[in-house]
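Engineer: give me a 3D structure for the following:
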Amino acid sequence: MSSRAAEQTEHLEQASDHDAHAGHPTEAQYIKIAVILATITAVEVGLYYTSFSTVATNATLIVLAGVKFVIVAAYFMHLKFDNKILRRLFITGFVLASFCYIAYLLTLGVFQ
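Structural biologist: Numbering: from 1, shown residues only. As a prediction, this is how the structure comes out:
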C-alpha cells in the first residue's frame, strides 16, 4: 500500500514539475535564440567597422543592444513566462534606465 502511495506522490510531483515548466523554450528554441543573438552581434561588429555617420551608427548600436537585452531577459531569465506584473515592472525599469542612459550620452556629445 505504501508503494502505491509513493507512486501516486511521485506522479503528482512529476505533473506539477511539468506544469511549472510548461511554455518554456525547448532546446531547439534556445539554439534559434542563440543564432539570433549571434547574428545581431555580428551586425553590431560590422557596424563598428563601417563608415556611416557616427550618429546613425551609435543610434543603431544602442537599439541593437536593447533588442539583445530584451531577448536575453525574456528567454534566459524566463521573464516571458513570468507573471504579467513582473514583466510590466521590468519593462518600466528598462525604459526609465534607457532614457537616463540616452540623456547621459547626449550630455557627453555622443550623438553630435
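
Engineer: which parts of the helix or strand hosting Thr92 are buried?
Structural biologist: Assigned by DSSP states H and E, Thr92 belongs to helix 84-108. Using 16 or more other Cβ atoms under 10 Å as the test for burial, helix 84-108 gives Phe90. In this view, the C-beta of every residue, glycine as well, is placed from N, C-alpha and C.

Engineer: for that helix, packing partners?
Structural biologist: With contacts defined as 3 or more Cβ pairs under 8 Å, 6 or more residues apart in numbering; DSSP states H and E, helix 84-108 has these neighbours: helix 54-71.

Engineer: specify the angle between the helix it packs on and helix 84-108 in degrees.
Structural biologist: When axes from the mean of the first three to the mean of the last three Cα atoms, to 10 degrees is applied, the directions of helix 54-71 and helix 84-108 differ by 160 degrees.

Engineer: quick one: helix 54-71 to chain centroid distance?
Structural biologist: Relative to its chain's centre, helix 54-71 lies at 14 Å (Cα atoms, centre = their mean, to the nearest Å).

Engineer: what residues sit buried inside that helix?
Structural biologist: 58, 62.

Engineer: can you list contacts of it?
Structural biologist: Contacts with helix 54-71, where a contact means Cβ atoms under 8 Å, 6 or more residues apart in numbering, come from 33, 36-37, 40-41, 43-44, 47-48, 50, 94, 98, 102, 105, 110-112.
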